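>>> using only what follows, build the 3D model:
(chains A and B)
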Amino acid sequence: MSAPPAAASQASIAPGAAFIFKKALISALVALVLFSLMIGVRTEAGPQGQLIYWTRFGDLAAIVGVVFGGSIIVELLRQWWGPVGTIRVVPPAMQNALSIAGRLVAPVLLIFTFLVPVIFYNQRYILDLGILVLTYVMLGWGLNVVVGLAGLLDLGYVAFYAVGAYSYALLATIFGLSFWVCLPLAGILAACWGVLLGFPVLRLRGDYLAIVTLAFGEIIRLVIINWQSLTGGPNGVSGIPRPTLFGIPLTPGENGLAAKLGIEFSPTHRIVFLFYLILALALLTNWVTIRLRRLPIGRAWEALREDEVACRALGINTTTTKLTAFATGAMFGGFAGAFFATRQGFISPESFTFQESALVLAIVVLGGMGSQLGVALAALAMIGGFELFRGLDQYRMLVFGIAMVLLMIWRPRGLIGHRAPTVFLERNQAISSDLVKEGHG
Amino acid sequence: MSGDHILSVDHLSMRFGGIVAVNDLSFAAERRQITALIGPNGAGKTTVFNCITGFYKPSGGTMLLAHDDGRNIHLERLNDFRISKQAKVARTFQNIRLFPGMTALENLMVAQHNALMRASGLTFLGLIGAPSWRSAERRAIDLARAWLERIGLLDRADDAAGNLPYGDQRRLEIARAMCTEPALLCLDEPAAGLNARESAALSELLLAIRDTEGTSILLIEHDMSVVMEISDHVVVMDYGVKIAEGTPQVVRDDPKVIAAYLGADEEEAIAVMESGT
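Residues are numbered from 1 along each chain as shown, chains lettered A, B, ... in the order given. Here you go, the predicted structure:
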């Protein structure tokens, strides 16, 4: 099943077009049958209780027309983005342009992200949104290790986020440790909890694993709520110290960064600093994940997702492999949690509900399990898109839901479903998403 | 029999509840030879394999693996991945179990996991890109490349394993098992689903593995042409017990084997077995 080269796709335009036309025709026919009574004929009870009806053939024709046209558009879009090996109607020149554009997405996005604080310096709202998106990008990348690479469905990822956040908040408020000391500690503590979660769930697969991880997330949250003497319970922890630039606080005082640099103090400095901080943390996550994928441990994760029995036959210790996946993912979640705590200055159990886990999991699934770029795009679409639809008021969730359903119809394996090989001899070619397994537990 | 056994199975039994899948089975596989385990469907061959390779814990009996360096390992005391890691027993599966979403090359790289894991300093040296790790990775790729060349898949190294034709997948699975550098290679029906030409190539590959790598091979096979051509020793099982063993010629002429294996019906087979014992 080799992908047809440019010449072949040129030749296959005619059957492709015929196929699309036929499909659109069938869709239109189905729509005609379906809507002819629902829309074509309108019935109502008359003033004397008799049945009166009138026809609306114009509306019916419009609907059928929309279905016909829409079907063609959907089919074209599917062929643009669809899996490798389908017949393509799109001209090769356009395809090449699209593939080049596809390769440029990541660097352009990265450069743009670096420039966001410069471009939107005076727009606090956009900077805050950027920080939020990047936090979810980082969480998505962290969970991607567990779900995307190792294929272990984790519904309680927010637990590690909470452990990281509370680790920093408590260490900083009780012992007065600085952010830069607490950050690795938060990661290590979260990783320990990851291993703790890993042990009981090692033998579980699929749905059972998901249920236990879900419960784990709830346990952590309930412990935080009820252990009032340590965590402050529902009141949370407040007065969490803001991060410093290696000891230099970003405050208006004499010791502040602004005073030392001899520039006028602005509260935006701290926002920009936080922006670059989370960007650095997210890029660290990305870099480590990319490196790990090319190391034996990363290949073992992916092999575990593909076939656990074969892994065991090859002498791979599946227990430690799973635990390292949980620990690595949890560690990144812990880092993100520590950042969250220092950004907010106040944390409470309300921030760590199941909804957060579901959101991060949705980002990973939507982005394409295992794909770093896909996860970043999905986080941007989910968090940014959610803000974008704010103007739609009560329809916001509806639009959002429809968008997600459509996306899953078009790209059932996520925005970027194909898998890039970790090592190659001659050709670095993507592996079609229908070959890559999702993992089973 | 020279008596130089790499694997000695003694009184092996495997029961699943009330069902006795393997009953008091004893046989030996000789070093640097190909031993075939044959028998009708449901005879318990794959169960024996699963016991040897640690997927099942046998209900009774011992399986002793004698390495070239004099180490003796009791396989029944190891489990799971340790059979492959410590005892150096590799296996393939009746229904191919490659990593379909990974390339052929990646499949062979995963097989070298334990060696690479050590070389990467449990990931930490690898993470910082230490030179020792880089050279180890290059060597691993070279080994994988050599195996791909031997099985004739070098030009498809970067294709997904799930995209390869069936016969290629079979050979790739054997190459992957060989990349763990095993002392004993267990093959579960390697010729199943192959055409005559592919089975001939497979026989050649297995003989080459025996002769150049010095790996002992234990195989389950239904394809008698393969068994008769390459086996040095054949063990025949039926209903969980051994009914015959010997060279391919001896086994082929054994009336019990003919009755059990070559199409006598059940009653006849039992009659023959009873008269034989």
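
>>> only C-alpha atoms for contact and neighbour calcs from this point on.
Fine.

>>> let me see the backbone angles for the residue of chain A most remote from its centre.
For chain A, the residue at maximal distance from the C-alpha centroid (CA atoms, centre = their mean) is A:Gln48, at 58.3 Å. Backbone torsions of A:Gln48, given as degrees, to the nearest 10, read phi -90, psi 10.

>>> ditto for B:His233
Taking degrees, to the nearest 10 as the convention, B:His233 sits at phi -150, psi 140.

>>> identify the bridge partners of it.
In this entry, B:His233 is beta-bridged to B:Thr35, by DSSP bridges.

>>> what packs against the strand or helix carrying A:Phe21?
Element membership for A:Phe21 (DSSP states H and E) is helix A:13-35. With contacts taken as 3 or more CA pairs under 8 Å, 6 or more residues apart in numbering or on different chains; DSSP states H and E, helix A:13-35 sits against helix A:57-81.

>>> distance of A:Arg293 from A:Tyr136?
As judged by CA to CA, to the nearest Å, A:Arg293 and A:Tyr136 stand 21 Å apart.

>>> so what touches stretch A:58-66?
A:28-29, A:31-32, A:35-36, A:39-40 (CA atoms under 8 Å, 6 or more residues apart in numbering or on different chains).

>>> where's A:Ile431 relative to chain B, distance?
6 Å (CA to the nearest CA, to the nearest Å).

>>> can you tell me the closest non-neighbouring residue to that residue?
Counting by CA to CA, 6 or more residues apart in numbering or on different chains, A:Arg419 is the residue found nearest to A:Ile431 once chain neighbours are left out, at 5.0 Å.

>>> what sits against that neighbour?
Residues in contact with A:Arg419 (CA under 8 Å, 6+ apart) are A:370-371, A:430-433, A:436, B:101.

>>> mind telling me what element A:Lys260 is part of?
With DSSP H and E as the criterion, A:Lys260 is inside helix A:257-261.

>>> list the buried ones in that helix?
A:257-258 (16 or more other CA atoms under 10 Å in any protein chain shown).

>>> export that helix to CSV, keeping only CA atoms.
What follows is helix A:257-261, C-alpha atoms only, in CSV (Å, rounded to 0.1, in the frame of the first residue of the first chain):
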residue,chain,number,x,y,z
LEU,A,257,14.2,43.7,38.5
ALA,A,258,12.9,46.9,37.1
ALA,A,259,15.0,49.0,39.5
LYS,A,260,18.1,47.0,38.9
LEU,A,261,17.7,47.3,35.1
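
>>> tell me the mean pLDDT for the helix or strand just after it?
The C-terminal neighbour of helix A:257-261 among helices and strands, as given by DSSP H and E, is helix A:268-293. Helix A:268-293 shows a mean pLDDT of 91.

>>> counting by contacts, list what the helix or strand just after helix A:268-293 packs against.
As assigned by DSSP H and E, the chain's next helix or strand after helix A:268-293 is helix A:296-306. Using 3+ CA pairs under 8 Å, 6+ apart, the elements in contact with helix A:296-306 are helix A:308-313, helix A:318-344, helix B:104-111, helix B:113-119.

>>> can I see the domain layout of the chain?
I went with chain A, as the question did not name one. A:6-90, A:121-410 (automatic domain parsing).

>>> other chain: chain B
Split by automatic domain parsing, chain B gives B:1-88+B:184-277, B:97-181.

>>> before we move on, back to that, for the domains of chain A, which one ends up most surrounded?
Of the domains of chain A, the one with the most neighbours on average (mean count of other CA atoms under 10 Å in any protein chain shown) is domain A:121-410, at a mean of 21.

>>> how close does the residue sitting nearest the centre point of chain A sit to chain B?
Centrality entry for chain A: nearest residue to the mean C-alpha point is A:Ile363, 2.2 Å, by CA atoms, centre = their mean. Separation of A:Ile363 from chain B (CA to the nearest CA) stands at 22 Å.

>>> pLDDT score for that residue?
Note on A:Ile363: pLDDT of 89.

>>> about what we covered before: quick one: which of the contacts of A:Arg419 sit in helices?
Under the assignment DSSP state H, the contacts of A:Arg419 contribute nothing to helices.

>>> who in the stretch 1-150 of chain B is up against chain A?
Residues of the stretch 1-150 of chain B lying near chain A by CA under 8 Å from any CA of the partner chain: B:53, B:80-85, B:90-92, B:97-103, B:105-106, B:109-111, B:113-114, B:116-117, B:120, B:123, B:126-127.

>>> and with 7 Å instead?
Contacts of the stretch 1-150 of chain B with chain A, taken as CA under 7 Å from any CA of the partner chain, map to B:80-82, B:84-85, B:90-91, B:97, B:99-103, B:105-106, B:110-111, B:113-114, B:116-117, B:123, B:126-127.

>>> helices of chain B, residue ranges please.
Using DSSP H, helices in chain B cover B:45-52, B:82-85, B:104-111, B:113-119, B:124-127, B:131-150, B:166-178, B:196-208, B:224-230, B:248-252, B:255-261, B:266-276.

>>> just say which of the ones you listed is most tucked in.
The most buried one of the helices of chain B (mean count of other CA under 10 Å) is helix B:104-111, showing a mean of 28.

>>> ok, the residue nearest in space to the middle of chain B - contacts?
By CA atoms, centre = their mean, the mean C-alpha position of chain B lies nearest to B:Cys186, the distance being 1.1 Å. By CA atoms under 7 Å, 6 or more residues apart in numbering or on different chains, the contact set of B:Cys186 is B:90-92, B:217-219.

>>> for these, which one is nearest A:Arg56?
B:Thr92 (66.0 Å; CA to CA).

>>> switch the helices of chain B over to CSV; also include mean pLDDT.
Shown next, in CSV, are the helices of chain B (pLDDT from 0 to 100):
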stretch, mean pLDDT
helix B:45-52, 89
helix B:82-85, 82
helix B:104-111, 93
helix B:113-119, 87
helix B:124-127, 79
helix B:131-150, 91
helix B:166-178, 92
helix B:196-208, 90
helix B:224-230, 85
helix B:248-252, 85
helix B:255-261, 79
helix B:266-276, 55
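
>>> go through those and name the closest to A:Gly384.
Among those, if distance is taken as CA to CA, the winner is helix B:124-127, at 32.9 Å.

>>> give me the residue from the stretch 101-250 of chain A nearest chain B.
A:Leu149 (11.7 Å; CA to the nearest CA).

>>> that residue contacts A:Leu304, doesn't it?
No. Taking CA atoms under 7 Å as the definition, A:Leu149 is not a contact partner of A:Leu304, at 8.6 Å.

>>> closest point of the stretch 101-250 of chain B to chain A, which residue?
Closest point on the stretch 101-250 of chain B to chain A, by CA to the nearest CA, is B:Gly101, at 4.0 Å.

>>> so where's chain A uncertain?
For chain A, applying pLDDT under 70 flags the ranges A:1-15, A:80-91, A:440-441.

>>> close to chain B: what parts of it are there?
So chain A meets chain B at A:1, A:291-292, A:295-297, A:299-300, A:303, A:306-307, A:310, A:312-317, A:421, A:423-425, A:427, A:431, A:435-437 (CA under 7 Å from any CA).

>>> related to what we said a few turns ago, who's in contact with the residue farthest from the centre of chain A?
Per CA under 7 Å, 6+ apart, neighbours of A:Gln48: none.

>>> how about the residue of the stretch 101-250 of chain B closest to chain A: what's its closest non-neighbour residue?
A:Val436 (4.0 Å).

>>> what are the phi and psi values for that neighbour?
phi -80, psi 130.
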